[in-house]
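Visitor: Sequence first, then the predicted structure, then my questions.
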Amino acid sequence: MRWVRLVPAVVVGMLVTACGDGPPRATPATTSPAPASTSAAPATTSAGPSPSGSATPKVTQDVHDAFRAAMDAHPGAGNLDKCTRRTPLISKTCGKALAAAVKVATGTARRLRKQDPKYADLLYGAVLLTAGEMQEMLTRLRDPIPCYGLSDAPQPPPPLRSEAQEICAEAADITKSTWRIFLAQVER
């Protein structure tokens, strides 16, 4: 199936989210022991801010701002609980929630690219990658089977309806998992 191709990208995103951006960084500091006769705490001096100390908060703030603006524009993204394995194939409520989540992800990506067009991929790469995955999932939910009212194509005939239902439910589950990865990236 074509869905198998997305699974490694989703797993990588989950691992990146769980493990952070890279190896832990040691912060250089020297500690002077306190004299034995006093009860004062050890004195600590720092070698200065970490190399990414000033960039990280701005990048994080840019992501948060872009995400909040996109969520305000598409508030239905919070309704993904309307899509379950038992949601009927024709449920437009589920379709609207899935479409809103994708609009939030793509809206966030669009704002971030506009924020810093030259370095957007370096600064916001994980968010942009996951937003692209969300867009691909919505395309798969629209074609070739019109899942959850996301396209005007006719529904499959009754003999194929249960298979279509299963395919759409699986695609919705993958989209919801990708959404959770996206949320983890924009809310850290």
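Guide: Looks like it came in fine. Residues are numbered from 1 along each chain as shown.

Visitor: pLDDT weak spots in this structure?
Guide: 1-56 (pLDDT under 70).

Visitor: Where is the longest helix in it?
Guide: For the chain, the longest helix by residue count, based on DSSP state H, is helix 158-186.

Visitor: for that helix, packing partners?
Guide: Packed against helix 158-186 by the contact rule (3 or more C-beta pairs under 8 Å, 6 or more residues apart in numbering; DSSP states H and E) you find helix 6-19, helix 55-73, helix 92-115, helix 120-142. To be clear about C-beta, it is placed using only N, CA and C from the backbone, and glycine gets the same treatment.

Visitor: Quick one: these as CSV, columns for distance to residue 170 too.
Guide: Converted to CSV, these look like this (distance: least, C-beta to C-beta, whole Å):
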stretch, distance to residue 170
helix 6-19, 11
helix 55-73, 26
helix 92-115, 13
helix 120-142, 10
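
Visitor: Could you say which one of those helices comes nearest to residue 176?
Guide: helix 92-115 (8.1 Å; C-beta to C-beta).

Visitor: So what touches that closest one?
Guide: 62-63, 65-67, 69-71, 73-77, 79-80, 82-83, 87, 120, 123-124, 127-128, 130-132, 134-135, 137-138, 141, 147-150, 172, 175, 179, 182, 186 (C-beta atoms under 8 Å, 6 or more residues apart in numbering).

Visitor: at 6 Å instead, please
Guide: 62, 66-67, 70-71, 74, 76-77, 79-80, 82-83, 87, 120, 124, 128, 131, 134-135, 138, 148-150, 175, 179, 182 (C-beta atoms under 6 Å, 6 or more residues apart in numbering).

Visitor: doesn't residue 118 fall inside a strand?
Guide: No. Residue 118: not assigned to a strand; according to DSSP: H, G, I helix; E, B strand; the rest coil it is coil.

Visitor: any chance of the helices and strands packed on helix 158-186 in JSON lines, plus mean neighbour count?
Guide: Converted to JSON lines, the helices and strands packed on helix 158-186 look like this (neighbours: other C-beta atoms under 10 Å):
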{"stretch": "helix 6-19", "mean neighbour count": "14"}
{"stretch": "helix 55-73", "mean neighbour count": "15"}
{"stretch": "helix 92-115", "mean neighbour count": "21"}
{"stretch": "helix 120-142", "mean neighbour count": "19"}
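
Visitor: which one of those lies closest to residue 159?
Guide: Across those, residue 159 has its closest neighbour in helix 120-142 (21.5 Å, C-beta to C-beta).

Visitor: Mind giving me the packing neighbours of the closest one?
Guide: Here helix 120-142 touches helix 6-19, helix 92-115, helix 158-186, going by 3 or more C-beta pairs under 6 Å, 6 or more residues apart in numbering; DSSP states H and E.

Visitor: want to throw these into a markdown table with distance to residue 58?
Guide: A markdown table is the format used below for the helices and strands packed on helix 120-142 (distance: least, C-beta to C-beta, whole Å):
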| stretch | distance to residue 58 |
| --- | --- |
| helix 6-19 | 20 |
| helix 92-115 | 10 |
| helix 158-186 | 15 |
